[in-house]
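Student: need a 3D model of the following:
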Amino acid sequence: MTLGLSEYKSLQMSKQSSFGVCQACGARKSKAAMFAHVQDCMPAQVGAGSSRAPEPLLLLRAEARGLPTFWLDVAMKRDGKLKDVDRFLRRIWLECCDHMSEFSTGTHRKVSMNTKVSDVLGVGDRLGYVYDFGSSTELVVRLLGGVNALFKDPVRLAARNEPPTWPCDACGKAATAVCTQCLYEGNQDHIHSNDIAIVCISGCQLRTRPLGGPWGDAASRRPGETTATAYAGQPATHRHQNVGESLYRAISVENLRQTGWLEGTLATGGTIKLVNQTRAFRIYDLKLMAGTDETTHVHVFPTIAVLITGQATLRENTRLAKVLDHSGEWVVVPEGELHTISNRGRGDAYVVEIEVR
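Tutor: Next comes the predicted model:
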């Protein structure tokens, strides 16, 4: 499969290596190496001659959804509950105005705060976490494994990320000041070298400036609007800026082929409609009316199905493959896989499918 996927709000932040600091000993370790370090370090903090024995604990990692450079490693008692994690996250990272919060599974099933962490998470399992349902902060909480240590508090910080650095626009060295407005609006140059398709999830007013050139006129982006641009063989560098008042959220799909894009038959059937076709992509709209409306079809290339509005389910050969409940959720449909997309909500549903040729 020759595709790449990303989701961004206004613009993707540049990828940077993430390091953190152990709270027990002050050691600096990479995010990937921190768990093993904490497993060795926390038991070593038991003082000589101590009458207390280390107890087995759980070690969780919480990271910002879509911004994995921001993370915390948290140790807690094995009988600890989600409400203990919630209180800790509020205190150290999130709390401002006593907003509501919740944990949920990957299928968006709400999990009670009184649930024991050990009852809902196995090693490697994840829960979603949302704080404030108006202007939400979203985290992903994962169980890394166990650690032995002396413990009094229900939850304790084990490690956390170092503050990330951004390069100076003028000299390329670490910036001494960051304009949060520019950062939020995506005011950074970036390069495209692969053909790319972008589908807008939430609309805005967006303008673009090529490297060394002036800003272009602002253009409206509406939910479900797609663009497909050819960059293979003719890479380009530019920056975007959201000059509107609403958040710009989009899904981008890259075709990693540089040559040899494939030919094949169009997908047909039901309410599916071809809206754009380039050498690298075919893009289809699916608008499903409220009730029992559905469409069944096959794509000859790997396809990304993205929910724009409403609620939908995707079944592959009668097997439920994915429930799409929130705008921007997506699923990969393998090439040649007969699948059915159904409206599962009370209102209309809108799905965009992008074939990667």
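
Student: so where do the helices sit in the stretch 1-150 of the chain?
Tutor: In the stretch 1-150 of the chain, the helices defined using DSSP state H, counting those that start in this stretch lie at 31-44, 82-89, 117-120.

Student: need the contact partners of the last one.
Tutor: Translated: helix 117-120. For helix 117-120, the external contacting residues (Cβ atoms under 8 Å, 6 or more residues apart in numbering) are 58, 60, 76, 78-82, 84-85, 103, 105, 111, 127, 143. Yep, even glycine has a C-beta here, placed from its N, CA and C like the rest.

Student: how about the second one?
Tutor: Contact with helix 82-89 is made by 60, 62, 72, 74, 76, 101, 103, 111-117, 120, 127, 129, 131, 139, 141, 154-155, 157, as judged by Cβ under 8 Å, 6+ apart.

Student: can you tell me the centre-most residue of this structure?
Tutor: Residue closest to the average C-alpha location in the chain (Cα atoms, centre = their mean): residue 66, at 3.9 Å.

Student: separation between that one and residue 221?
Tutor: 19 Å (Cβ to Cβ, to the nearest Å).

Student: and the helices of the stretch 1-150 of the chain, which one averages the lowest pLDDT?
Tutor: In terms of average pLDDT, helix 31-44 trails the rest of the helices of the stretch 1-150 of the chain, at a mean of 90.

Student: buried sites along it?
Tutor: Neighbour counts over helix 31-44 (16 or more other Cβ atoms under 10 Å) mark 31, 34, 35, 37, 38, 39, 41, 42 as buried.

Student: care to break the protein down by domain?
Tutor: 3-11+165-255, 19-161, 272-356 (automatic domain parsing).

Student: widest-spaced pair of the buried residues of helix 31-44?
Tutor: For the buried residues of helix 31-44, the maximum inter-member distance is 17.4 Å, found between 31 and 42 (Cβ to Cβ).

Student: tell me the confidence at the closest residue to residue 202 other than its chain neighbours?
Tutor: Using Cβ to Cβ, 6 or more residues apart in numbering and skipping residues adjacent in sequence, the residue nearest residue 202 is residue 249, 4.4 Å away. On pLDDT, residue 249 comes in at 82.

Student: same check on residue 170?
Tutor: Residue 170 carries a pLDDT value of 65.

Student: do residue 16 as well
Tutor: Residue 16 is given a pLDDT of 50.

Student: go on, the one 3 residues further on?
Tutor: Predicted confidence (pLDDT) for residue 19: 91.

Student: same check on the one 4 residues further on?
Tutor: Per-residue pLDDT puts residue 23 at 90.

Student: what do you get for residue 226?
Tutor: Reading off the confidence values, residue 226 has pLDDT 94.
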